[in-house]
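[1] sequence first, predicted model second:
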Amino acid sequence: MPPRRAMLALPALAAAQPGRPIRIVVPFPPGGPTDIAARLIADGMAPLLGQPVITDNRPGAAGNLAAEHVARAVPDGTTLLFSGSGSHGINPALFAGRLSFDAVRDFAPVVLVSSAPNLLSAGRQGPADLAALIAAARARPGALNIAVGSLGTTQHMAVELLKLRAGIDVTIIPYRGAAQALQDLMAGTVDALSDGLMASLPHAREGRIRALGVTSPARSPAAPEIPSIAETLPGFTAVAWFGLHAPAGTPREVVLRLNAAANQAMANPALRARYADAGSVLLGGTPEDAGTHIGREIATWAEVVRATGARPE
């Protein structure tokens, strides 16, 4: 058997061969915002690497199926996970004891790609602002309900965090997809909704719903007229973010090559504009930056899950 050092050198050489495709495994179906974000960075990196970069959609189990697949892939830089706030933030706590992979031990961070806020909104006859919603929830504990497109998402966890930080008791109503939840909000069936900013924003601007606050630390450049929840509850943040992860054991030189290509792609003004149109902000940085961010996210959501008793179903 060849020495371990020699074995590690082979994947690095293979990953550098032009023409060999790189697969970015996406944890959600084609056509959605996560898929679009993954395809944008894939298209930006491909010409810089001199290799095809393709996306491979593997939805299911709140992103855990895709993460498991990549955790077990050959660590040669040709299989990456389009990781995010689910697989590498929320899920380690929400699915504690039920995951077949470790979000830290089984992966090598490559780069942070983008982040996008959620929007808390009310029906047009509902609370006029976040302070009014909090006051209504305190006056009638458990009576006010907030819809979410599905459990285990940043939209869901934003409501759990709101309950914790504001000291309120609200009823979370999970749906099988945010589209029906949004329709029910406009019909007055539910009191409020936590959804992606860009999905709800057109309806807020047309007066069909009331935008109460975005979940990013500051106002979103896509909707500067909407206050952040942090303006009422300092330190509040619950954004969807995405990044790239390789399997653990991927050679350092391969990780750095992929990181450099991603950062160079994200510096392209045209690509930045495409993400901005989708309400997202590009991030970038080093693999260490990504690792530090992920450590903070895992710790934050573990505390929220512990304090609220949040469950994935």
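    Good, I have the coordinates. Numbering: from 1, shown residues only.
[2] for this structure, which spans come out with low pLDDT?
    1-19 (pLDDT under 70).
[3] in it, which spans are helices?
    For the chain, the helices defined by DSSP state H cover 4-15, 33-49, 64-71, 91-94, 130-139, 154-166, 178-187, 197-205, 252-266, 269-277, 287-308.
[4] with distance to residue 246 and mean neighbour count added, can I get the ones you listed in a markdown table?
    Placement of C-beta: from N, CA and C, glycine included. What follows is the helices of the chain, written out as a markdown table (distance: least, CB to CB, whole Å; neighbours: other CB atoms under 10 Å):
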| stretch | distance to residue 246 | mean neighbour count |
| --- | --- | --- |
| helix 4-15 | 10 | 13 |
| helix 33-49 | 13 | 20 |
| helix 64-71 | 8 | 22 |
| helix 91-94 | 18 | 22 |
| helix 130-139 | 40 | 18 |
| helix 154-166 | 23 | 23 |
| helix 178-187 | 31 | 18 |
| helix 197-205 | 29 | 19 |
| helix 252-266 | 6 | 20 |
| helix 269-277 | 21 | 13 |
| helix 287-308 | 9 | 17 |
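[5] would a markdown table of those with distance to residue 119 be doable?
    Formatted as a markdown table, these follow (distance: least, CB to CB, whole Å):
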| stretch | distance to residue 119 |
| --- | --- |
| helix 4-15 | 39 |
| helix 33-49 | 13 |
| helix 64-71 | 26 |
| helix 91-94 | 22 |
| helix 130-139 | 11 |
| helix 154-166 | 9 |
| helix 178-187 | 11 |
| helix 197-205 | 4 |
| helix 252-266 | 24 |
| helix 269-277 | 16 |
| helix 287-308 | 19 |
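[6] and the ones you listed: which comes nearest residue 228?
    Among these, helix 130-139 comes nearest to residue 228, with 9.5 Å by CB to CB.
[7] now do the closest one against helix 154-166, angle only.
    70 degrees (axes from the mean of the first three to the mean of the last three CA atoms, to 10 degrees).
[8] for residue 83, give its distance to residue 296.
    Residue 83 is 15 Å from residue 296, where distance means CB to CB, to the nearest Å.
[9] list the contacts for residue 135?
    residue 127 (CB atoms under 8 Å, 6 or more residues apart in numbering).
[10] apologies, that question was intended for residue 188.
    With CB under 8 Å, 6+ apart, residue 188 has these contacts: 123, 125.
[11] and if we set it to 10 Å?
    123-126 (CB atoms under 10 Å, 6 or more residues apart in numbering).
[12] ditto for residue 28
    Contacts of residue 28 by CB under 10 Å, 6+ apart are 34-35, 37-38, 57-60, 62-63, 66, 82, 84, 86.
[13] at 6 Å what do you get?
    34-35, 59 (CB atoms under 6 Å, 6 or more residues apart in numbering).
[14] could those go into CSV alongside distance to residue 240?
    Formatted as CSV, the contacts of residue 28 follow (distance: CB to CB, whole Å):
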residue, distance to residue 240
34, 8
35, 13
59, 16
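[15] what about residue 238, neighbour count?
    29 (other CB atoms under 10 Å).
[16] kindly apply the preceding question to residue 171 instead.
    15.
[17] and it, what does it touch?
    Applying CB under 6 Å, 6+ apart, the residues contacting residue 171 are 142, 145.
[18] report the beta-bridge partners for it.
    Applying DSSP bridges to residue 171 yields these beta-bridge partners: residue 145.
[19] quick check: it vs residue 145, distance?
    Relative to residue 145, residue 171 is positioned 4 Å away (CB to CB).
[20] hang on, the earlier thing: out of the contacts of residue 188, which are buried?
    Taking 16 or more other CB atoms under 10 Å as the criterion, what is buried in those is 123, 126.
[21] dump the contacts of residue 188 into a markdown table; add distance to residue 252 as well.
    Below are those laid out as a markdown table (distance: CB to CB, whole Å):
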| residue | distance to residue 252 |
| --- | --- |
| 123 | 52 |
| 124 | 54 |
| 125 | 57 |
| 126 | 52 |
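[22] which pair in the contacts of residue 188 spans the largest distance?
    124 and 126 (7.1 Å).
[23] just name whatever secondary elements the longest strand belonging to the chain is in contact with.
    Looking across the chain with DSSP state E, the single longest strand is strand 107-116. Packing partners of strand 107-116 (3 or more CB pairs under 6 Å, 6 or more residues apart in numbering; DSSP states H and E): strand 240-247, helix 252-266, helix 287-308.
[24] I'd like these as TSV, with distance to residue 52 appended.
    Below are the helices and strands packed on strand 107-116 laid out as TSV (distance: least, CB to CB, whole Å):
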stretch	distance to residue 52
strand 240-247	16
helix 252-266	13
helix 287-308	23
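[25] please name whichever of those is nearest to residue 111.
    Of all the helices and strands packed on strand 107-116, helix 252-266 comes closest under CB to CB, at 4.5 Å.
[26] report the angle between the closest one and helix 269-277.
    Interaxial angle, helix 252-266 versus helix 269-277 (the same axes, to 10 degrees): 80 degrees.
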